[in-house]
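1. Pasting a predicted model and its sequence here:
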Amino acid sequence: MASLRLFSTNHQSLLLPSSLSHNPLTSSSPRFVKNPSRRSPIRSVLQFNRKPELAGETPRIVVITSGKGGVGKTTTTANVGLSLARYGFSVVAIDADLGLRNLDLLLGLENRVNYTCVEVINGDCRLDQALVRDKRWSNFELLCISKPRSKLPMGFGGKALEWLVDALKTRPEGSPDFIIIDCPAGIDAGFITAITPANEAILVTTPDITALRDADRVTGLLECDGIRDIKMIVNRVRTDMIKGEDMMSVLDVQEMLGLSLLGAIPEDSEVIRSTNRGFPLVLNKPPTLAGLAFEQAAWRLVEQDSMKAVMVEEEPKKRGFFSFFGG
Amino acid sequence: MASIDSLQLHSLCNVQSSIGKAKLRIPSNLVVFRRRLENLKWVQVETNRRFVCRAIGDSSTPDEDIQNTQNDNDDVVVVVGVATTESNTPSDSENSVSRFRSMITTLPPVVFVMKKCSGNSIWIGICIAASVLVAALRAYAVIKSRDNQPAGSVADLVRRGQLRSGDRRGISKSLNYEDPFNNPFVKLDKGNSTVEMCGKVYRLAPVTLTEKEQTIHQKRRSRAYQWKRPTIFLKEGDSIPPDVDPDTIRWIPANHPFATTVSDIDQDLAQTNVYQKQGVPFRIRAEHEAMQKKLEALQNEEKLNNLSIDSQNAREFQRPYKLGTKLEGENIQKNSQDNVTGNSSSEETHKT
């Protein structure tokens, strides 16, 4: 069965045709080559038929942020984190939202959260007692930063997260491969706390102007704080609206923000069902479009790769003569 | 005669079509009909015979079919549900209709029984097929579940994640990487730049962002957003420390629901708590020690209370003392008597 393959920047073999390697915007030719006879075949190949090779130093500390609320940060954290666990990497997900905790709900672990980082700091429990291990994937653990009624002293909020990350590195079980921090919305104290220990960031946005403006602001703050490796996930993409030019395309979003693409997640009603079930989308069998997209994004995150081609506009499926008979 | 044979054909065709517009089977009686046709002497040689079988349920009614057949002078039409004859005159047609009716009145029981039986047999067949299918599915599900679950209840503990020694016991199932892209939901069209995922076809468009453009965006943002990480958090009323960059000060409102500037715990202690790997956590140990001290203090107080002599308690203490002396005196007397008897018995034993 043929599989999707996307060429990685880390690979030296350049399999993209030369016509696509140079900057197309400097030439007068349009972005989308509409003349079919001129269109050179895109040999973008997604290498998802093998286990991804971990790039960069471990642990990889990634903060998932957006600025605007409701764009899908927590959903991205849950699904990308579990995808990484399925790949065989050890993952610790930290819900850094001080007052509005949601990551445990998405993962279906809300009844198992007894201790949080506040209890660890106060000495009510050890760090390993506050970690909640997912029974579905034993190499995935959740750590919540606080309970809704407790307050975290901001004097050492960011430092506390740094201590936590450092303690995770030196724990007896070994350092996790990935530490994913779910950042709260806004650019308030919670945001500052969450981005403190991070080395890289995933910016989640939707193709609407309000989210893009906030995303641009957040990107600027991340760069001011010293985080340079910032990749973007465009969530809730509707190809039908893009085709009807009622929604910005993924490439338009990229043009506005100027960030590398980690993934483009299509709008999927299964997201709501999975949230209600406490069963992340990527675990669905058969996988949905959004689940596949999250898998692809996790794959690229592991290899520090970015998208080289995006799926645009749904074409009608060509039906052969025998399609009437079910062929 | 031909009309009679056609009526027979009609009845058989009627039965078949009434079942459910099924394929029109040609029973052996039709063969008989054909044989009879061959033996007949045709009156009109030039007549074009056109046999048309049409299922019941058409919009045309039998009466209309009769009129249509009457209009076709040169054709002999055999219609399911309606029988026709070679004759074209109205009187002859009426005779044929009457004959047809008489035929129907004689045949219904057979027809009805055949209809009933054939209808029932099909439903019986469907039920049997459904039951066989359900049984097969159940068996398959059972076999599949058996393959997934290893034997023994300890395996259930491993499966539920309560026990992690599955590798040691050799009963854990390795977490194989499930590749979702070698599944039939993802297809890449080699000829065109399209991909089919989950039944939907998408066109692939190349990403156009270059490194130069990325650099331009980074410069734009660095100019637009000047931000320094806050290092000092103050609340309303606090004074600003001297020699502090104002850009690094962050004001926290007093009524902030999730943040506070007041720390009930020392920073160093907090760091120590975070790095603690084993043993009892600090606060629990501190509480336990405090509880122990309190208990010891209470016990000491009770001892002191017990040792001190109170005037009110003095008489109470005396009574047991007096009783004790009386008893001691009696005990001494008893012991002395016992000793005397004991000694005498021992002397007697020694003598013997």
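-> On my side now, so go ahead.
2. quick one: average pLDDT of whichever helix or strand residue B:268 is part of?
-> For residue B:268, the element it lies in under DSSP states H and E is helix B:267-275. The average of the pLDDT scores along helix B:267-275 is 87.
3. who's in contact with that helix?
-> If you take Cβ atoms under 8 Å, 6 or more residues apart in numbering or on different chains as the criterion, helix B:267-275 is touched by A:120-123, A:127, A:155-156, A:159-160, A:163-164, A:166-167, A:170, B:263, B:281-283. (Each C-beta comes from the backbone N, C-alpha and C, glycine too.)
4. so of these, which ones are in helices?
-> A:120-122, A:127, A:159-160, A:163-164, A:166-167, B:282-283 (DSSP state H).
5. which of those residues are the two that sit furthest away from each other?
-> For those, the maximum inter-member distance is 21.1 Å, found between A:166 and B:283 (Cβ to Cβ).
6. my guess is residue A:94 contacts residue A:178, does it?
-> No. In this structure residue A:94 lies outside contact range of residue A:178 using Cβ atoms under 8 Å: 10.9 Å.
7. got the contact list for residue A:274?
-> By Cβ under 8 Å, 6+ apart, the contact list for residue A:274 reads A:106, A:280-281, A:284.
8. So it versus residue A:282, what's the distance?
-> For residue A:274, the distance to residue A:282 equals 9 Å [Cβ to Cβ, to the nearest Å].
9. follow-up on the earlier one: and residue A:166 and residue B:283? which has more neighbours close in?
-> When neighbours are counted by other Cβ atoms under 10 Å in any protein chain shown, residue A:166 and residue B:283 differ, and residue B:283 comes out ahead with 17 against 14.
10. and the gap between the closest residue to that one other than its chain neighbours and residue B:223?
-> In space, residue B:283 comes closest to residue A:123 once its chain neighbours are excluded; the distance is 3.7 Å by Cβ to Cβ, 6 or more residues apart in numbering or on different chains. Per Cβ to Cβ, residue A:123 is found 46 Å from residue B:223.
11. higher neighbour count, the two?
-> residue A:123 (22 against 9).
12. wait, the more buried one sits on residue B:284?
-> Yes. Assessed by Cβ under 8 Å, residue A:123 is found in contact with residue B:284 at 7.2 Å.
13. Can you name the residues of the stretch 201-327 of chain A sitting close to chain B?
-> A:216-217, A:219-221, A:223-225, A:239, A:251, A:254-255, A:257-261, A:286-289, A:291-292, A:295, A:306-317 (Cβ under 8 Å from any Cβ of the partner chain).
14. Which of those residues fall in helices?
-> Among these, DSSP H puts A:216-217, A:219-221, A:223-224, A:239, A:251, A:254-255, A:257, A:289, A:291-292, A:295 in helices.
15. ok, of the ones in helices among the contacts of helix B:267-275, which one's closest to residue B:241?
-> Nearest to residue B:241 among the ones in helices among the contacts of helix B:267-275: residue A:159, at 18.2 Å, using Cβ to Cβ.
16. what residues are up against that closest one?
-> A:196, B:267, B:271.
17. Can you tell me which of the residues you listed has the most neighbours?
-> Counting neighbours by other Cβ under 10 Å, residue A:196 leads the contacts of residue A:159 with 20 neighbours.
18. how close does that residue get to residue A:161?
-> Residue A:196 is 5 Å from residue A:161, where distance means Cβ to Cβ.
19. same check, this time on residue A:120
-> Residue A:120 sits 11 Å away from residue A:161, taking Cβ to Cβ as the criterion.
20. what does residue A:101 give?
-> With Cβ to Cβ as the criterion, residue A:101 and residue A:161 are 15 Å apart.
21. between those two, which one's more packed in?
-> Higher neighbour count among residue A:101 and residue A:161: residue A:161, with 25 against 21, using other Cβ under 10 Å.
22. So what does the residue of the stretch 51-200 of chain A found nearest chain B have for phi and psi?
-> Of all residues in the stretch 51-200 of chain A, residue A:123 sits closest to chain B, at 3.0 Å by Cβ to the nearest Cβ. With angles defined as degrees, to the nearest 10, residue A:123 sits at phi 90, psi 20.
23. list the contacts for it?
-> Counting by Cβ under 8 Å, 6+ apart, residue A:123 makes contact with B:265, B:269, B:273, B:276, B:281-286.
24. Need the pLDDT of it.
-> At residue A:123, the model reports a pLDDT of 88.
25. still on that earlier bit, only the buried residues of the helix holding residue B:268, if you could.
-> B:270-271, B:273-275 (16 or more other Cβ atoms under 10 Å in any protein chain shown).
26. Now it - C-alpha only, PDB.
-> C-alpha atoms of helix B:267-275 as PDB (Å, rounded to 0.1, in the frame of the first residue of the first chain):
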ATOM      1  CA  GLN B 267      12.200  29.500  48.500                       C
ATOM      2  CA  ASP B 268      15.100  27.300  49.400                       C
ATOM      3  CA  LEU B 269      12.800  24.900  51.300                       C
ATOM      4  CA  ALA B 270      10.500  24.800  48.300                       C
ATOM      5  CA  GLN B 271      13.400  23.900  46.000                       C
ATOM      6  CA  THR B 272      14.400  21.200  48.500                       C
ATOM      7  CA  ASN B 273      10.900  19.800  48.500                       C
ATOM      8  CA  VAL B 274      10.900  19.600  44.700                       C
ATOM      9  CA  TYR B 275      14.200  17.800  44.500                       C
END
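27. now the angle from it to helix A:157-169?
-> Put simply, helix B:267-275 runs at 30 degrees to helix A:157-169, going by axes from the mean of the first three to the mean of the last three Cα atoms, to 10 degrees.
28. What ranges does the stretch 101-250 of chain B have for its strands?
-> All strands of the stretch 101-250 of chain B, identified by DSSP state E, counting those that start in this stretch, fall at B:186-189, B:194-197, B:200-206, B:232-235, B:249-252.
29. among the ones you listed, which gets the worst mean confidence?
-> strand B:186-189 (a mean of 64).
30. hmm, back to that, what's the closest of the ones in helices among the contacts of helix B:267-275 to residue B:144?
-> residue A:127 (40.9 Å).
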